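Participant: Take a look and give me a structure for this.
(one chain, ligands or ions: 1)
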Amino acid sequence: MDNADHLTVSDVISQTEQFDAIVLGAGISGLVSASVLLRDGLRRVLIVDEYDHIGGNHIDWSCGGYTFDIGSLIFQDDSPLLAHFPELLPLYIPIEPRWARLNPQGMITTYPISVRDDIFGAGIAETIRIFASVIYARLFQRNMRNAREFARYWIGSRLLYRSGLESYMKRFYGIATDGIDIDLARKRMLWISEHASIRNLIGRALKRKQQGPTNRQMARPKQGFQFLYSAAAERLKRNGAEFQLAADMQAIDKIGGQFQLQLKDRIVTSDRIISTIPIHMAERLCRRDSGRKLETITLIGLYFSFAGDRGFSQSIIYNFSHQGAWKRLTMYSDFYGLVDGREYFTAEVIGNHVGGSTERAERDFRDHVHTNGLFRGDLRLEGSHVLDEAYPIYSKGAALHAAEAIRQLRDFGLESLGRQGGFNYQPTARASTVEAEAALRISVGS
Ligand SMILES: Cc1cc2nc3c(=O)[nH]c(=O)nc-3n(C[C@H](O)[C@H](O)[C@H](O)COP(=O)(O)OP(=O)(O)OC[C@H]3O[C@@H](n4cnc5c(N)ncnc54)[C@H](O)[C@@H]3O)c2cc1C
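Facilitator: As a prediction, this is how the structure comes out:
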């Protein structure tokens, strides 16, 4: 600090509002953090967000009867989030989604890999080459330095290419697979080693047919995420939380061991600040800018309605083909019903691959689905959403830089966690809940 050197600690405290804790960000990590703190006995917690809504990047958009999410957002009835907010459960809509993928051969087939289509469908000669390349990789390509080498070791370079997994990984991670940190690849691509290890393959072959998932899949209510999360907000408010949304956060200073958060229209103080906002934003607020912004994916959500033959029956399709900047599409009309006879869906496009342009994203999507014989009929763009900071890009050195930035914030006293604050790709609200609980070193119910 200190821009308030001339004030004594008691002056500052008497002029400001005091909270037991301040939580930056009202996404899943922020809501769970507030819930944990209140359960832990704190009486007054302020939740501040620059967004004008609760739920962070759980964002929907409705127009003319259609209702879209920015991406594929699916929940489960056994999520630990429901231990914090049990009132959410009856508001969700039970769904029975099926997942598939578009492979490089233009087929809609099993996600994430199809032994029949990707291996045996390649013909005898190519099947032999695929198996030979797996054996070669297991024997001679054991040295793994990046995500590409990790995947190659497990499924061999021929299947990596033929299945389209490498193209999908590039789309998903936002950079070429040989630029992705090996440690992060191990963590995030565990499913490859689990599916491809010989022990597991034999184990699965000997076991009786695997049971399907025992939990129930759910979508948010048609009324949207605000309707859903206002139920959670009400519980938090009853327990002592206050929300300040659409907040203009200007600075965080430390005065006599107390944090002082300066908002445009008010100053609040607390002993404790939990930050779930992007690291560079927290650094800026604390005037501790490291000068290096961690790279993140910008996601463009294209909101389409459609009448005609879509060319597949599953609700969620992943793009594993070698072309196209879109990563995944979700048919919301399968969950909420048709509107005037029209289906509707969101296509998630990696913004970094189309120069951040919605027009290019739309053109690229239309060309690609046309080439692959999908969506034959009347395809109409109803709207779009550009989401910066959707999730981290794990380029080499990024994890180290994030850890260092988080450590510096912690030295200042700020606890930074969550998808943004922890620079951690948390695929689900479940992961965000578990990790927020762990970060605050509290186990629910204890
Ligand atoms: C496309 C997509 C699909 C997902 N699919 C699923 C799913 O199927 N199931 C599931 O359970 N979860 C899904 N998730 C989300 C998952 O639940 C995350 O783990 C969770 O949303 C992370 O919450 P968070 O509070 O840590 O961070 P976030 O919600 O990412 O953000 C926290 C806070 O950071 C700030 N912030 C974030 N982005 C910006 C920005 N661009 N500009 C300014 N401030 C910003 C805001 O204050 C925000 O409230 C999905 C998320 C996305 C983006």
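Participant: How is this protein divided into domains?
Facilitator: 9-58+223-292+395-439, 114-206 (automatic domain parsing).
Participant: Export those as CSV, with columns for mean neighbour count, mean pLDDT and distance to the ligand.
Facilitator: Glycine gets a C-beta too; all of them are placed from N, C-alpha and C. Listed next are those as CSV, based on neighbours: other CB atoms under 10 Å; pLDDT from 0 to 100; distance: least, CB to the nearest ligand atom, whole Å:
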stretch, mean neighbour count, mean pLDDT, distance to the ligand
domain 9-58+223-292+395-439, 19, 93, 2
domain 114-206, 17, 85, 11
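Participant: will you turn those domains into CSV that also has distance to residue 365?
Facilitator: Output for these, formatted as CSV (distance: least, CB to CB, whole Å):
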stretch, distance to residue 365
domain 9-58+223-292+395-439, 21
domain 114-206, 13
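Participant: Checking my notes, residue 228 in a helix, right?
Facilitator: Yes. Read with DSSP: H, G, I helix; E, B strand; the rest coil, residue 228 is one of the residues of a helix.
Participant: so which of the domains of the chain gets nearest residue 106?
Facilitator: Residue 106 sits nearest to domain 114-206 of all those, at 10.5 Å, using CB to CB.
Participant: any idea how far that closest one is from the chain center?
Facilitator: 23 Å (CA atoms, centre = their mean, to the nearest Å).
Participant: on that earlier part again, and residue 383, which of the domains of the chain is closest to it?
Facilitator: Among these, if distance is taken as CB to CB, the winner is domain 9-58+223-292+395-439, at 14.1 Å.
Participant: Can you tell me what sits against stretch 31-46?
Facilitator: 18-23, 47, 54-55, 81, 84-85, 229, 232-233, 235-236, 239-244, 268, 270, 272, 274, 276, 417, 432-433, 436-437, 440, 442, 444 (CB atoms under 8 Å, 6 or more residues apart in numbering).
Participant: Restricted to strands, list these.
Facilitator: Among the contacts of stretch 31-46, DSSP state E puts 18-19, 21-23, 47, 241-244, 268, 270, 274 in strands.
Participant: which residues of the stretch 1-150 of the chain fall in helices?
Facilitator: All helices of the stretch 1-150 of the chain, identified by DSSP state H, counting those that start in this stretch, fall at 9-15, 28-39, 81-84, 124-140, 147-162.
Participant: so what does the last one touch, helix or strand wise?
Facilitator: Where contact means 3 or more CB pairs under 8 Å, 6 or more residues apart in numbering; DSSP states H and E, helix 147-162 is packed against helix 124-140, helix 165-173, helix 182-188, helix 190-196.
Participant: Including distance to residue 397, could those go into JSON lines?
Facilitator: Formatted as JSON lines, the helices and strands packed on helix 147-162 follow (distance: least, CB to CB, whole Å):
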{"stretch": "helix 124-140", "distance to residue 397": "26"}
{"stretch": "helix 165-173", "distance to residue 397": "14"}
{"stretch": "helix 182-188", "distance to residue 397": "11"}
{"stretch": "helix 190-196", "distance to residue 397": "22"}
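Participant: looking at those, which is closest to residue 155?
Facilitator: helix 190-196 (5.4 Å).
Participant: Using CSV, write down the CA coordinates of the closest one.
Facilitator: What follows is helix 190-196, C-alpha atoms only, in CSV (Å, rounded to 0.1, in the frame of the first residue of the first chain):
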residue,chain,number,x,y,z
LEU,A,190,-6.1,-40.0,-18.0
TRP,A,191,-9.0,-41.5,-19.9
ILE,A,192,-6.7,-42.4,-22.8
SER,A,193,-4.4,-44.4,-20.6
GLU,A,194,-7.3,-46.0,-18.9
HIS,A,195,-9.0,-47.1,-22.1
ALA,A,196,-5.8,-48.2,-23.8
